[in-house]
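J.: Here is a sequence together with a model predicted from it:
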Amino acid sequence: TVKELNIESYLGRWYQAYASQSVYMTIERNAVCVTADYGMDDDDDDDGTISVLNQNRVGTPDGAPHSISGYAFVPDEEEPGQLKVVFPSAPGSSAGDYWVMALGPPVATQDDREDLYE
């Protein structure tokens with residue numbers, strides 16, 4: 001995992017570009033247009049907790065919306081790329097691993113997506 005992680009640069013909306021077959025067959029069955037939104041937790045305890053909102057559409061891009069919210073945290077400051085994520089409303093929920101394996105250059109575009117910036 002990465003040895004440095006600037007959480008603030010990680011915040012915002014991420015679009016799923018790939019998931020394994022086991023994910024598609026289980027927790028994301030019939031899911032399309034999958035996104036994850038990461039933000040700083042709104043509470044005032046300043047513990048570094050990150051809010052997580054995973055969203056998708058069911059079946060087609062016009063399908064019913066589905067979402068689940070939770071939070072993520074870094075349990076060991078010596079391993080900033082090894083986060084734990086919790087979705088309290090999920091049946092049998094426990095803290096799962098969320099590891100950041102590598103970081104690449106930032107990529108940006110404009111609303112019209114005519115340009116791509118690296």
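T.: On my side now, so go ahead.

J.: Break down the chain into its helices, ranges please.
T.: Counting by DSSP state H, the chain forms helices over residues 7-10, 21-25, given from the N-terminal end onward.

J.: Could you check how sure the model is about the last one, as an average pLDDT?
T.: Meaning helix 21-25. Model confidence over helix 21-25 averages 87 on the pLDDT scale.

J.: buried set for it?
T.: Neighbour-count burial for helix 21-25, with 16 or more other C-beta atoms under 10 Å as criterion, is recorded at no position. Yep, even glycine has a C-beta here, placed from its N, CA and C like the rest.

J.: For it, give me every contacting residue.
T.: For helix 21-25, the external contacting residues (C-beta atoms under 8 Å, 6 or more residues apart in numbering) are Ala31.

J.: okay, the helices of the chain in CSV with distance to Ser89 next?
T.: Output for the helices of the chain, formatted as CSV (distance: least, C-beta to C-beta, whole Å):
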stretch, distance to Ser89
helix 7-10, 23
helix 21-25, 19
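
J.: Of those, which is nearest Ser51?
T.: Each of the helices of the chain has some distance to Ser51 by C-beta to C-beta; the shortest is helix 7-10, at 11.6 Å.

J.: Pick out the residue nearest the middle of this structure.
T.: Among the residues of the chain, the smallest C-alpha distance to the mean C-alpha position (C-alpha atoms, centre = their mean) belongs to Ala36, namely 4.1 Å.

J.: Any idea what that residue is bridged to?
T.: Here Ala36 sits in beta bridges with Trp14, Asn54, as judged by DSSP bridges.
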